[in-house]
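**Q** One predicted model, sequence on top.
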Amino acid sequence: MTGRKAVEVYLDLLSQPCRAVHILLNYNRVPHSVRTVALRRGENKTPEFTKLNLMQKVPVMVDNGFVLTESDAILKYLVSRYDIPQHWYPRQLERRARVDEYTAWHHTHTRPHAAKVFILEVLLPRMMGSPPDPVKLSRALAELGETLDRLESMFLKRQPFLCGDDITLADLLAICELMQPVGGDRDVLENRPQLQQWRRRVQSALGESFDQAHAVLYALRDRNKAKL
């Protein structure tokens, strides 16, 4: 990689996929620079950022002039392009397909259902200045509960990680989504010992990179608790 620039990533760490990218880069010590894009300030809608991503979303990666705009693609590209252990996104066809199976499912289940709880419990009340709608929140928690059931029965089963014996991009994407409701001081895995054990394994595997990426979320939780 002689002569190559360090990869640049545009992130807001209140965004779940941004945290996944941040953790992968930091944990694996890939040389990179972070450009913060504060969504709450509309920095994703500036002309400069829109040139990078017409969708005005984060994360965005720029690697030696190559721009990539979807978290799933960014994570898989980074593992393939840089000196990152292959257990994250295995080369072996069947093992890689298991990761792809989860990440395809993730975007219509884990991601929207965990995010909806956070939106209803934290974002909308902050924007509207009113408490969460209990009916909508109850429905969202029920939908997330069904997704957690599937995580246990379809993916985790009796293995330590979602796709086998090693941590993969599937675990990284999933944990960042399921941590999001923590911003409202809600632990969605509270009554799920199997998933709690999985979370502990993931956190232990990731070490300091996990807490570094989630520091902004922890601060949001603490601010919300202080207001009560």
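**A** Done, it's in.
**Q** Check this protein for its longest helix and report it.
**A** Scanning the chain for the longest helix, with DSSP state H as the assignment, gives helix 208-227.
**Q** Look up which helix or strand V67 falls in, please.
**A** Per DSSP states H and E: V67 is located in strand 66-68.
**Q** Just list what the helix or strand following that strand packs against, helices and strands only.
**A** Next helix or strand after strand 66-68 toward the C-terminus (DSSP H and E): helix 71-81. In terms of contacts (3 or more CB pairs under 8 Å, 6 or more residues apart in numbering; DSSP states H and E), helix 71-81 is packed against helix 16-27, strand 60-63, helix 169-179. To be clear about C-beta, it is placed using only N, CA and C from the backbone, and glycine gets the same treatment.
**Q** give me that answer again for 10 Å
**A** Counting by 3 or more CB pairs under 10 Å, 6 or more residues apart in numbering; DSSP states H and E, the packing neighbours recorded for helix 71-81 are strand 7-11, helix 16-27, strand 60-63, strand 66-68, helix 93-106, helix 169-179.
**Q** which one of these lies closest to L151?
**A** Nearest to L151, of all the helices and strands packed on helix 71-81, is helix 169-179, at 7.1 Å by CB to CB.
**Q** isn't L25 right up against R81?
**A** No. L25 is beyond contact range of R81, at 11.7 Å (criterion: CB atoms under 10 Å).
**Q** When these two are compared, which one has more neighbours?
**A** L25 (26 against 16; other CB atoms under 10 Å).
**Q** quick one: the more buried one from K76, how far?
**A** 14 Å (CB to CB, to the nearest Å).
**Q** next one: Q159
**A** Taken as CB to CB, the span from Q159 to K76 is 21 Å.
**Q** Burial check on R29, number of neighbours?
**A** Counted with other CB under 10 Å, R29 comes out at 11.
**Q** So it belongs to a strand, correct?
**A** No. Secondary structure of R29, determined by DSSP: H, G, I helix; E, B strand; the rest coil: coil, with no strand assignment.
**Q** mean confidence score for the strand holding V67?
**A** Regarding strand 66-68, the rounded mean pLDDT is 97.
**Q** Equivalent analysis for stretch 146-161, please.
**A** 96.
**Q** what about the chain, any weak spots by pLDDT?
**A** 1-3, 228 (pLDDT under 70).
**Q** ok, now with 50
**A** Applying pLDDT under 50 to the chain flags the ranges 1.
**Q** Would you mind giving the domain segments of it?
**A** The chain resolves into domains spanning 7-84, 93-206 when parsed by automatic domain parsing.
**Q** measure the shortest one end to end?
**A** By that I understand domain 7-84. This stretch, domain 7-84, spans 14 Å end to end (CA to CA, to the nearest Å).
**Q** How far does that domain sit from its chain's centre?
**A** A distance of 12 Å separates the centroid of the chain from that of domain 7-84, by CA atoms, centre = their mean, to the nearest Å.
**Q** which SS class is R126?
**A** Criterion first, three-state DSSP; result for R126: helix.
**Q** That should have said A205, apologies.
**A** A205 ends up helix, using three-state DSSP.
**Q** my guess is it contacts P160, does it?
**A** Yes. Contact criterion CB under 10 Å: A205 and P160 qualify, at 9.5 Å.
**Q** For the helix or strand hosting S138, list the C-alpha coordinates in CSV.
**A** Assigned by DSSP H and E, S138 belongs to helix 134-150. Backbone C-alpha positions of helix 134-150 (Å, rounded to 0.1, in the frame of the first residue of the first chain) are rendered in CSV as follows:
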residue,chain,number,x,y,z
PRO,A,134,-47.0,4.3,24.9
VAL,A,135,-49.1,2.5,22.2
LYS,A,136,-46.5,2.9,19.5
LEU,A,137,-43.7,2.1,21.8
SER,A,138,-45.3,-1.1,23.0
ARG,A,139,-45.9,-2.1,19.4
ALA,A,140,-42.3,-1.4,18.5
LEU,A,141,-41.0,-3.4,21.5
ALA,A,142,-43.2,-6.3,20.4
GLU,A,143,-41.8,-6.2,16.9
LEU,A,144,-38.2,-6.1,18.3
GLY,A,145,-39.1,-9.0,20.5
GLU,A,146,-40.0,-11.1,17.5
THR,A,147,-36.7,-10.2,15.9
LEU,A,148,-34.8,-11.1,19.0
ASP,A,149,-36.5,-14.5,19.0
ARG,A,150,-35.3,-15.1,15.5
